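Colleague: task: produce atomic coordinates for the following.
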Amino acid sequence: MAEQLDWRAAKLLRTRDLTPDIRLFEIEPSGDFIIPKPGSHINVTVQIGERPDVRSYSIVGPCTDGIYRIAVKLLGDSRGGSSYMWSLKPGAQLTISTPGNHFDLGRGRPEYLLLAGGIGITPIYTMAIALADIHADFRMLYACRRREDAALADELRERIGDRLQMFVDEDGGRVDLDSEIARLAPGGELYVCGPIGLLEAAKRVWQQSGRPVDQLRFETFGNSGRFASQPFKVNIPRLNLVVDVPQNQTMLDALETAGVGMISDCRRGECGLCALHILEVDGIVDHRDVFFSDEEKAANTKLCTCVSRVAGGSITIDTADRAA
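Modeller: From the prediction side, this is the model:
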């Protein structure tokens with residue numbers, strides 16, 4: 001079922017750059033303030049060209065002062081949501097939702113392992129602060145490409161000290177998931193947020209460890225894949241239709257724009273409702289979802305149209321839906 005949202009007006013109070021391409025936004029909502037739990041997000045209405053759309057952003061920090069804080073990474077190949085957010089100036093009027101949560105932090109666990117990759121730091125940062133405040137037993141691993149990309153690292157170091165371990169690609173740093181998970185106490189939980197490759201690796205090692213599936217919790221964002229986003233064509237023989245998918249638009253959005261009736265919910269590669277059957281592919285399917293297993297992705301029989309793409313070619317799909 002789709003998330004039930006309570007929308008309200010809000011005002012952008014101020015912004016602050018955390019890294020060269022990650023900006024913190026402080027937003028004051030109208031009406032009663034709902035204090036978010038760790039792992040929460042708010043939805044923000046953005047303008048993509050002439051069309052309004054919605055983006056979901058993790059809430060940064062405890063936000064007990066009546067102000068929501070989110071961090072937005074400026075992406076050159078995005079659908080335009082990050083560019084719109086970065087164009088906003090203090091005083092801008094916004095429409096936001098009350099907090100939702102698909103990434104809830106469990107309480108009372110014997111130990112916690114937090115793993116963040118890149119912009120995935122936003123919900124993990126909040127969890128680390130919350131766990132430190134209740135003196136929980138936890139460790140945090142933070143991976144990024146360059147030191148200048150390590151948003152909120154100084155704040156984290158100040159709050160949680162040596163419970164934070166950094167892994168920087170340019171310095172040769174790599175997370176050894178096998179050993180880190182092996183160190184986790186029985187009954188301990190792993191929380192992961194980051195690029196799709198990191199999530200898939202964590203899921204694979206967790207499964208191999210034999211630990212309970214429900215003690216691995218993760219959140220994804222649908223802008224990362226194995227290949228840079230590029231335009232591709234979608235052929236739908238049933239509808240006698242060819243749809244062009246631009247670099248900065250998802251396959252799902254392009255199909256909807258072309259009048260193809262689609263079913264979707266999360267638009268994040270998590271629920272699988274928008275998945276369609278693959279008949280043929282010329283190129284490589286870049287599966288960016290966390291819904292299908294590694295085996296299902298390797299079989300290349302279906303893809304989640306909300307996040308997955310094709311690199312270097314075109315794809316032929318089947319859908320029972322009829323054009324409007």
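
Colleague: look up how far residue 172 lies from residue 144.
Modeller: 13 Å (CB to CB, to the nearest Å). Glycine gets a C-beta too; all of them are placed from N, C-alpha and C.

Colleague: the two: which is more packed in?
Modeller: residue 144 (24 against 7; other CB atoms under 10 Å).

Colleague: make sure the more buried one is actually in contact with residue 169.
Modeller: Yes: counting by CB atoms under 8 Å, residue 169 is a contact partner of residue 144 at 7.1 Å.

Colleague: residue 84: how many residues sit nearby?
Modeller: Count around residue 84 with other CB under 10 Å applied: 19.

Colleague: A strand includes it, no?
Modeller: No: membership of residue 84 in a strand is not supported by DSSP: H, G, I helix; E, B strand; the rest coil, which gives helix.

Colleague: which residue is the nearest non-sequential neighbour of it?
Modeller: Closest residue to residue 84 apart from its sequence neighbours, by CB to CB, 6 or more residues apart in numbering: residue 46 at 4.4 Å.

Colleague: for that neighbour, helix, strand, or coil?
Modeller: Quick answer, by three-state DSSP: residue 46 is strand.

Colleague: so for it, what's the pLDDT?
Modeller: Looking at residue 46, its pLDDT is 93.

Colleague: how near is it to residue 231?
Modeller: Using CB to CB, we find residue 46 at a distance of 22 Å from residue 231.

Colleague: before we move on, what about residue 292?
Modeller: 24 Å.

Colleague: quick one, strands of the stretch 1-150 of the chain?
Modeller: Counting by DSSP state E, counting those that start in this stretch, one finds strands in the stretch 1-150 of the chain at the ranges 7-19, 22-29, 40-48, 51-58, 68-73, 93-97, 100-101, 112-117, 138-144.

Colleague: give the partner strands of the shortest one in its sheet and their orientations.
Modeller: So that's strand 100-101. strand 40-48 (antiparallel) (DSSP bridges).

Colleague: so the partner strand versus strand 7-19, what angle?
Modeller: 90 degrees (axes from the mean of the first three to the mean of the last three CA atoms, to 10 degrees).

Colleague: so how many other residues sit close to residue 121?
Modeller: Residue 121, neighbours per other CB under 10 Å, totals 29.

Colleague: one step back: in terms of neighbours, single out the busier of residue 292 and residue 231.
Modeller: Between residue 292 and residue 231, counted using other CB under 10 Å, the more crowded position is residue 292 (19 against 14).

Colleague: helix/strand/coil for residue 174?
Modeller: coil.

Colleague: correct me if wrong: it contacts residue 167.
Modeller: Yes: using CB under 8 Å, residue 174 is in contact with residue 167, at 6.2 Å.

Colleague: anything in contact with each of the two?
Modeller: residue 143 (CB atoms under 8 Å, 6 or more residues apart in numbering).

Colleague: of the two, who's got more company?
Modeller: Using other CB under 10 Å as the criterion, residue 174 and residue 167 rank with residue 167 on top: 17 against 10.

Colleague: partner residues bridging the more buried one?
Modeller: Judged by DSSP bridges, the bridge partners of residue 167 are residue 143.
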